[in-house]
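Asker: I would like to see how this sequence folds:
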Amino acid sequence: MLNKARRSIAPTPLPKVSHGAGSYVFDSSGKRYIDGSGGPAVYCLGHAHAEVNEAIRQQLELIAHGYRYTFTSDPLIRLTELIQSQAGPGFEQILYVSSGSEAVESALKIALQFHWGKGDRKRTRFISRQRSYHGNTLGALAVSGFAQRRKQFEGSLFPCSFLSTANEYRPAIAGTAAQLTDYLAAELEQEILKVGAENVAAFIFEPVVGAAGGMLPAPAGYAAKMRAVCTRYGVLMIADEVMCGAGRCGSWRALAEEQVLPDIMTIAKGLGGGYVPLGAVAYSGRIAETIVAADGAVNTGHTFTGHTLACASAAAVQQIVVRDRLIERVRSESAALRQRLVASVGELPAVGDLRVRGFFAGVELVADRDSRHPFDPDLKLAEIVRARTLQEGLICYPVSGTIDGVNGDVVIISPPYNASDAELDEIADKLGRGLRLALADIGAA
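Answerer: As a prediction, this is how the structure comes out:
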């Protein structure tokens, strides 16, 4: 087994980044890494895309930022049109911020302001799920079932109800997927009744859980059943698509595959592709009309809301995604990505589950495949996988505590949408090599 001296093999200090080119990143020593996770599922076009860089340069020559209370801008209008055309009807209003956390904060505030405008001023409670992550600001943390990131701030987080995770591999009850989704929908209804429907503002969830659950899609039919419960009790549905949206799962909205329309949706990461920080919250005309009638405008936003350069950069990213049919590529190549990963790591006894939607994959590691028992968290397997894959020249996204906040190790793969077939082969090959080295380090090869 791994001794304490070997446990910390992560590089200290971290390598210093030098530059990027497409799917590759180079450090200051000249070592090349293939970006198999797009950082934290951000870099949908890879790095240093010439057209995006040129759009940024051209915008900087005009103006970097026109303050939102003084001006609108062509980049903001163009980006709004691009989002609405890809997201489809139901998102008549879009507010721009600078991160996913800010987008979630704004979504929570918009939900509260909507109920205030309707006169339902007791509706201030939120319902979320265990093993969820909605951001690192206090409001977003309050609705996140992510113990590792909450624990130092518990006394300052507002109360929130947490439901079971929607996890077919580790289900809350035994039975079929339909029985599981029925159970989870009933759990939501019971919690609404327990808190009092007149007190509940919204249910917030990730259609595909990212870091907290290790790329964890809900079972088919789950979102529709939760939508029906929310509608029955006048509870808004907030879909947090910061990580799983903007094409990552093979459709611009992850929930589009379920034909479910939330009231509010948060977007970030793949929206701007990491070139200039940007997030957004999109919401329905019904919500906007109520808020405007009561208060004149939404009461949220920041100094850099609608930042002109950020919108210009993101508009360039989204124009390329549309022009090059990259979401169609993500969808059509999803099965091939799965096949690559199965061929590379599927035979390893430590691989318990391999989940893939679009270019979003999670490899769940277990000490025993039959019982699905996780590895001892003291082994810090995710950290070792991170270090070993970096040594092999692969950037991936290992996460720990995915089962209950303590136990569970998953490796996330989320490559750029325009990664070539050869690059996808390289990602799978280097993951296999790095994972085998990591498992050997803990005596589980």
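Asker: what residues are up against residue 255?
Answerer: 207, 223, 239, 241, 261-262, 265 (CB atoms under 8 Å, 6 or more residues apart in numbering). Bear in mind the C-beta positions are built from the backbone N, C-alpha and C, glycine included.
Asker: narrow these to those in helices?
Answerer: Counting by DSSP state H, the part of those found in helices is residue 223.
Asker: nearest to residue 117 among the contacts of residue 255?
Answerer: Ranked by distance to residue 117 (CB to CB), the contacts of residue 255 are led by residue 262 at 18.8 Å.
Asker: distance of the nearest residue in space to that closest one that is not next to it in sequence from residue 433?
Answerer: Closest residue to residue 262 apart from its sequence neighbours, by CB to CB, 6 or more residues apart in numbering: residue 239 at 3.8 Å. Distance of residue 239 to residue 433, given as CB to CB, to the nearest Å: 37 Å.
Asker: of these two, who's got more company?
Answerer: residue 239 (27 against 17; other CB atoms under 10 Å).
Asker: who's the residue nearest to residue 262 bridged to?
Answerer: Legend: beta-bridge partners of residue 239 under DSSP bridges are residue 205, residue 265.
Asker: okay, helices next: where are they in the protein?
Answerer: 4-7, 38-41, 50-62, 74-87, 100-118, 138-142, 147-150, 177-195, 222-232, 285-295, 308-323, 326-345, 381-391, 421-441.
Asker: got TSV for those helices, with mean pLDDT too?
Answerer: Output for the helices of the chain, formatted as TSV (pLDDT from 0 to 100):
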stretch	mean pLDDT
helix 4-7	39
helix 38-41	96
helix 50-62	98
helix 74-87	98
helix 100-118	98
helix 138-142	97
helix 147-150	90
helix 177-195	98
helix 222-232	98
helix 285-295	97
helix 308-323	98
helix 326-345	98
helix 381-391	96
helix 421-441	98
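Asker: possible to save those as TSV with distance to residue 406?
Answerer: What follows is the helices of the chain, written out as TSV (distance: least, CB to CB, whole Å):
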stretch	distance to residue 406
helix 4-7	17
helix 38-41	21
helix 50-62	40
helix 74-87	37
helix 100-118	24
helix 138-142	18
helix 147-150	8
helix 177-195	23
helix 222-232	25
helix 285-295	38
helix 308-323	37
helix 326-345	24
helix 381-391	12
helix 421-441	19
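Asker: quick one: closest of the ones you listed to residue 216.
Answerer: helix 222-232 (11.4 Å).
Asker: and that closest one, what's buried?
Answerer: Neighbour counts over helix 222-232 (16 or more other CB atoms under 10 Å) mark 222-223, 225-227, 229-230 as buried.
Asker: restricting to C-alpha, output that helix in CSV.
Answerer: Below are the C-alpha coordinates for helix 222-232, written out as CSV (Å, rounded to 0.1, in the frame of the first residue of the first chain):
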residue,chain,number,x,y,z
TYR,A,222,-36.0,12.6,-13.8
ALA,A,223,-36.1,16.3,-14.9
ALA,A,224,-39.7,16.0,-16.3
LYS,A,225,-41.0,14.6,-13.1
MET,A,226,-39.2,17.2,-11.0
ARG,A,227,-40.6,19.9,-13.3
ALA,A,228,-44.1,18.6,-12.8
VAL,A,229,-43.8,18.8,-9.0
CYS,A,230,-42.4,22.3,-9.2
THR,A,231,-45.2,23.5,-11.4
ARG,A,232,-47.8,21.9,-9.1
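Asker: can you list the domain ranges for the protein.
Answerer: What automatic domain parsing lists as the domains of the chain is 4-48+326-441, 52-323.
Asker: centre of the chain to the shortest one, how far?
Answerer: For domain 4-48+326-441, the gap between its own C-alpha mean and the chain's C-alpha mean amounts to 16 Å (CA atoms, centre = their mean, to the nearest Å).
Asker: for stretch 324-343, buried residues please.
Answerer: Neighbour counts using 16+ other CB under 10 Å place 326-327, 329-331, 333-334, 337-338, 340-341 of stretch 324-343 among the buried residues.
Asker: also stretch 172-191?
Answerer: By 16+ other CB under 10 Å, the buried positions in stretch 172-191 come out as 180-185, 187-189, 191.
Asker: over to stretch 19-26?
Answerer: By 16+ other CB under 10 Å, the buried positions in stretch 19-26 come out as 20, 22-26.
Asker: go through these and flag which are in strands.
Answerer: When those are checked against strands (DSSP state E), the matches are 20, 24-26.
Asker: could you dump the residues you listed to TSV with distance to residue 290 and pLDDT?
Answerer: As requested, those are exported to TSV (distance: CB to CB, whole Å; pLDDT from 0 to 100):
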residue	distance to residue 290	pLDDT
20	44	98
24	48	98
25	46	98
26	51	98
